[in-house]
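K.L.:
Sequence plus predicted model, see below.
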Amino acid sequence: MPPPTPNHAILNGLNDAQRRAVTSDAATVAILAGPGSGKTHTLTARVVWLIDHMGIRPEDVIVATFTVKAAREMKERIGKALGNGRENKLILGTFHSVARRYLAAYGRHIGLSQKFGIADAGDSRAIIKRICERLQLAVDPAGALAWISKKKAKGSEAASKSARQQASKVAGLQELETCYREYQKHLETSNLLDYDDLLVSCVDLLRRFPSCVSNIQTVLIDEYQDTNGIQYDLMKLFAQHRLRITTVGDPDQSIYGWRSAEIRNLWKLLREFPETDEISLEENYRSSQSILDLSLQVIKQDQKRYKKILKPTHNKGSRPVLRQLKSASAEADWIVSEIKRVLIMSGTMLTHNDVAILLRSAALSRHIETSLGKAGIPYRMVGGKKFYERPEIRTLVDYLRVIHQPETNDALARILNVPGRGIGDGTIKGLLNEAETSSLSVWAVLSKHCRGDRTAKTKIPKPTEQRLSGGLLRPLNDIRRQIGEASGPNGTPFGLVEMINQLLAKLDFQKHLQKAYPDPEDHAQRWANVQEFLGLAAEFVRDMDRSEEDFLPEIEGLAQTREVEALPRFLANVSLAADAQTKGDGEETQPVVTISTIHAAKGLEWPIVFVPAVYDGSIPHTRADDGDEERRLLYVAMTRAQSLLYLSCPLFSANGNGERNKLSPFVDPVKDSFMKKGPCLDRPVMSEIARILRRKLPPEESIYKGIPAMFSLEDNLFPVDPEEAKQEPKHGFGRGDSRLGEDASRAKRPRLHGPTAGPDNGEEVAWKQYTTTMEQASTFTVAAAALPGFMNVGAHQAAITAANVAAQATQKVEKNKPATNKRPPDQKSIMGFVRTKSGSARLPESPPQPKPNNPAPARSAFGIQPQAAPAQQAIAPDLAGHKLGAGKLMTRPSVPSEEGMVRKQYACFSSSPPRPAAAEDAQHEENSAADPEDDNEPPPEPTRPAACLHLTTSALPKGFGGGLRRPLGLGRENITPIQRLRKPFKPLTMSRP
DNA sequence: CCCACTGTTATTTTT
DNA sequence: TAACAGTGGG
């Protein structure tokens, strides 16, 4: 079978390390990728490579990501590179959604009912709560839930540890276990799986029926540092037949420890598969050098951290800002003023789309939303409350769940009295208990009662019974009947949308909302949400018809259940937060500022990033128990920024009685490295920004023309030292009265221009609440659609150069190189740390040996001979000659996309392709002078040479760096990447057998 | 037993 | 500031 047209173009935007990662023939490949190093890009390219070059069928590839957004993003980008809609055949999604897919198809082999439902967080909470109440358990329901979840998430790793942990946690253990048991029992009887169970059951399935995945050729895992124990198991099980696994991750960006993510999975993988090809991506294509420097200052406070390198490829840029403000609302106002200032000073180069405000917790958004609203700046909030968690949507979903599965007691219990039917808490509890004891579902109890077959023990007054029967049982039965009728052989299926519409009509839902939310604004908004929900359903149905997604390839000899109905799939989709892509084409062109939680911002980038509330208690969150993880969180936030980074901190806590905030301990030690106020945005500064972003700065005159009268060109509307300026009685007010205090402070602060000024109140309503719609939330990724393909011309250029150089390098190397993709004997792995056990945690002695980067294996692990790469790529000559001058503004060349239209250059996602190293020498000098961390560090103690630090640089024969423009990624050769690596990571505790 | 009202409290991050 | 528990009137 000849492989389909090899798509070598995919290699073009890649630097050397990336290319090696993409084309590695090793069975297991571990890619260590710092922020902005083109991680997603690389993984995407590898998928394409494996399919187009290695001839693997898309349906035999599993790509698992950690978040929904990452999955969507990945799919979109793979789709673009792969073409023909082949990305739809990939088994691609979050771990949870992939697991669900397998369970839906094969679940019955392990005794799972055809139509299991998914218990979301709310369900789980309610169930546990009821159990605790019923059994009089003294445990805290939330804690119990967390405990159970942890237990499930541990996976096979649990065995070794559990003994010790159990000993330490004797208190309440008994009760916890009881709770666990009861909880599982409840889930089972109501035919539900919770999030963790999806994984647990899938592990069970694949252990017992390995043939389910017998077709799987290769498995790729994104954000590997965030996988937990059970996901590790799952990964191996997915790959159990060929054991070809590619992982991408960055320990510094591990921010999901609270969800039992195990950074140690990285080492575990390497230990288990010693042949793993370790590759690290070190060039950062995202941020200015000073942003990287400071981020590094922060992250390196973690002594236990595994040190990696991050090589800036951009110029210095302006120093990040750390601003102290008086209060949270002053902070918000200041952010607004800075946004305005920067955008105006950029002429038209920057828009609201280029700005993100990243928060530790969603709740911090309030002041900011208010200020943005006042200033008339459009924004969208990402993360935080989910669309489907809004009460009105939740209710509808619960109705749908009950329609689908009448025995879902928990959902039924929630809608029993919505709209109001005169049934109170007592009755509901009574019914639930009755159902439990009589092993009937609540639905059955009610049905029988109303039909008169069996009288419920719970007292139900006659009128209530009528309402129940007429308003709940009958309508739902009607709808259910229509589903049954219509899915007959000839009928068009009863549409999901039609179903919801009928439901709305039968419940008189709009009236219900009007009654339940008397405020007209409020209920109108909620009704709008309902409409949006409808739109979402419509979208879902359309998508479903169009793509084969969700189906697994047929496996011979193994019966599969095909989920053909819309309803169950829609429900699963809702539970797994896999919000459908609402529109996105054409509409929503208005640029908006993004407010996001830091967690939700992972993997994204913006030219301008604000990180407010960097005070102790917020960024190491009071309730967080892993300070290092909080630090990493800050690191993630900071490294989202491309050219301007602002941290800020209100001096006094907003809600408390004038409590003073302490600057975050992560920031405090390096606070002097920040500027105290926003940079002067004069021409040179703006040019630097333009250069980093590869955009064109409008001419000076046109910028100045756009500046309104009396506009402040400096960041001087707020005192740099709020200490001096505060003498308001603000903190004397009781906390109910904070409004007074705020108004007072507003009056005092210098006025902003534009719609900001003026007395408030009255306008406040509009943006107060529910500004986030599902549509907005789900179009969050839309900017990515505007990405240029995988490369621009500069990248082409670099790639060609690189290809030539690499080709020559490889030739030389090949001779004395063993023809495997194993690490050469002179190299040690990141595993060196693990193997060197011993408490003193010292490093292996052997001196670092550079490793040629491109071993060309004679025998591929895939058993397919890679084709020789074509010597040249076709590229338009006029484009290929494009050069970047050191002093000149960079104009990013327009790359015609497939449709022949020129794409916008803004990219929300980290896809910036490598740029040719042009001004690098000049920049380099700056570097070494200004960067204490960097090159001038005294030679480190002997370090283990890391395979993971493939020595791109030294692989390059001397002389190639010189006259020739260095291809990207063949960076500054005087850094030995190894030098930075002296870090015993914690897993020294992990001893080898 | 239900419902409306009032005072209290606790506030992460996501599948 | 929102969700929640407790209280008093139907």
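P.N.:
Arrived safely, thanks for sending. Numbering: from 1, shown residues only, chains lettered A, B, ... in the order given.
K.L.:
so does the helix ranked longest in chain A get close to DNA strand C?
P.N.:
In chain A, assigned by DSSP state H, the helix with the most residues is helix A:520-546. No: Helix A:520-546 stays clear of DNA strand C (CB under 7 Å from any atom of the strand), getting no nearer than 9.7 Å. Yep, even glycine has a C-beta here, placed from its N, CA and C like the rest.
K.L.:
For that helix, buried residues please.
P.N.:
The neighbour-count check on helix A:520-546 (16 or more other CB atoms under 10 Å) flags A:522-523, A:525-527, A:529-530, A:532-541, A:544 as buried.
K.L.:
so does the helix or strand following it get close to DNA strand B?
P.N.:
Using DSSP states H and E, the next helix or strand after helix A:520-546 towards the C-terminus is helix A:566-575. No: using CB under 7 Å from any atom of the strand, helix A:566-575 stays clear of DNA strand B, with a minimum separation of 7.9 Å.
K.L.:
give me the low-pLDDT residue ranges for the stretch 601-750 of chain A?
P.N.:
A:654-658, A:724-750 (pLDDT under 70).
K.L.:
Sorry, slip of the keys, the one I care about is chain A.
P.N.:
A:1-7, A:157-171, A:486-493, A:547-550, A:578-588, A:654-658, A:724-993.
K.L.:
residues near whatever residue of the stretch 151-300 of chain A ends up closest to DNA strand C, how many?
P.N.:
DNA strand C sits closest to residue A:179 of the stretch 151-300 of chain A, with a gap of 17.2 Å, by CB to the nearest atom of the strand. Neighbourhood size, residue A:179 [other CB atoms under 10 Å]: 24.
K.L.:
Leaving out the residues flanking it, which one is nearest to it?
P.N.:
Closest residue to residue A:179 apart from its sequence neighbours, by CB to CB, 6 or more residues apart in numbering: residue A:144 at 4.8 Å.
K.L.:
quick one: contacts for that neighbour?
P.N.:
Neighbouring residues of residue A:144 by CB atoms under 8 Å, 6 or more residues apart in numbering: A:128, A:132, A:137, A:175-176, A:179-180.
K.L.:
what subset of the buried residues of helix A:520-546 is also close to DNA strand B?
P.N.:
Okay, of the buried residues of helix A:520-546, nothing touches DNA strand B (CB under 7 Å from any atom of the strand).
K.L.:
among the contacts of residue A:144, which are in helices?
P.N.:
Counting by DSSP H, the contacts of residue A:144 place A:128, A:132, A:175-176, A:179-180 in helices.
K.L.:
neighbours of residue A:562, just the number please.
P.N.:
Number of residues near residue A:562 (other CB under 10 Å) recorded here: 11.
K.L.:
what does residue A:338 give?
P.N.:
Residue A:338 - counted by other CB under 10 Å - has 25 other residues nearby.
K.L.:
related to what we said a few turns ago, show me what contacts the residue of the stretch 151-300 of chain A closest to DNA strand C?
P.N.:
So residue A:179 contacts A:128, A:131-132, A:135, A:137, A:139, A:144, A:148 (CB under 8 Å, 6+ apart).
K.L.:
Equivalent analysis for residue A:233, please.
P.N.:
So residue A:233 contacts A:155-156, A:203 (CB under 8 Å, 6+ apart).
K.L.:
Residue A:10 too?
P.N.:
Contacts of residue A:10 by CB under 8 Å, 6+ apart are A:22, A:45, A:48-49, A:52, A:81, A:790.
K.L.:
Hmm, residue A:345 is touching residue A:715, no?
P.N.:
No: contact criterion CB atoms under 8 Å: residue A:345 and residue A:715 do not qualify, at 10.9 Å.
K.L.:
what's the helix or strand for residue A:329?
P.N.:
helix A:328-345.
K.L.:
Can you spell out which helices and strands pack onto that helix?
P.N.:
Of the remaining helices and strands, those touching helix A:328-345 by 3 or more CB pairs under 8 Å, 6 or more residues apart in numbering; DSSP states H and E are strand A:321-325, strand A:355-359, helix A:365-374, strand A:606-611, strand A:641-650, helix A:738-748.
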